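Student: For reference, the sequence and a predicted model appear below.
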Amino acid sequence: MNKVKKENKLNLVRSINKNIRSSTRKLKPILKSLVGKKVDLALRNLEFSNKRICADVKKTLASAIANAENNYQYDIDKLFIKEAYCGKQIIMKRFRPRAKGRAAPIIKPYSNLTIILSESKQDQKEKHGTKS
């Protein structure tokens with residue numbers, strides 16, 4: 001039998017954005033820089049980044065924050081990014097004419113983006129009245 005450690009999933013908030021017009025190779029460094037940061041700091045970093053795809057990541061993060069506030073009544077100041085990952089989606093294949101009647105392929109990849117937020121543990125302990 002597999003012993004799976006059950007994690008308290010009550011404090012996780014998820015937002016998924018499908019069909020982002022970018023490759024996972026370009027998304028991963030941006031997402032790695034966000035993991036573990038508070039949401040206000042992550043939003044500010046995305047705002048001032050000069051990469052085109054940061055606008056879509058910012059929309060997904062804003063959606064996750066709105067989900068946490070409206071659906072779970074979490075305090076925005078206590079939220080941080082627990083996980084952020086991306087996966088492959090469809091690939092559009094196009095062809096560009098080249099010399100001597102040949103064709104060169106153009107690959108236009110899409111990605112899925114998932115951002116998971118959580119409340120900081122110190123604040124949860126204070127909420128429940130236990131301090132350690």
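Tutor: Sure thing, it's come through.
Student: Please tell me how far Arg14 sits from Leu113.
Tutor: 11 Å (C-beta to C-beta, to the nearest Å). Just so you know, the C-beta spots here come from the backbone N, C-alpha and C atoms, and that holds for glycine as well.
Student: between those two, which one's more packed in?
Tutor: More neighbours surround Leu113 than the other of Arg14 and Leu113, with 26 against 15 (other C-beta atoms under 10 Å).
Student: can you pull out the strands in the protein?
Tutor: 12-20, 79-97, 103-119 (DSSP state E).
Student: got the ones you listed as JSON lines, with distance to Ser33 columns?
Tutor: Formatted as JSON lines, the strands of the chain follow (distance: least, C-beta to C-beta, whole Å):
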{"stretch": "strand 12-20", "distance to Ser33": "17"}
{"stretch": "strand 79-97", "distance to Ser33": "9"}
{"stretch": "strand 103-119", "distance to Ser33": "13"}
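Student: got TSV for those, with mean pLDDT and distance to Val35 too?
Tutor: Shown next, in TSV, are those (pLDDT from 0 to 100; distance: least, C-beta to C-beta, whole Å):
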stretch	mean pLDDT	distance to Val35
strand 12-20	91	14
strand 79-97	93	5
strand 103-119	94	9
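Student: Out of the ones you listed, which is closest to Leu27?
Tutor: Evaluated with C-beta to C-beta, these place strand 79-97 nearest to Leu27, the distance being 4.5 Å.
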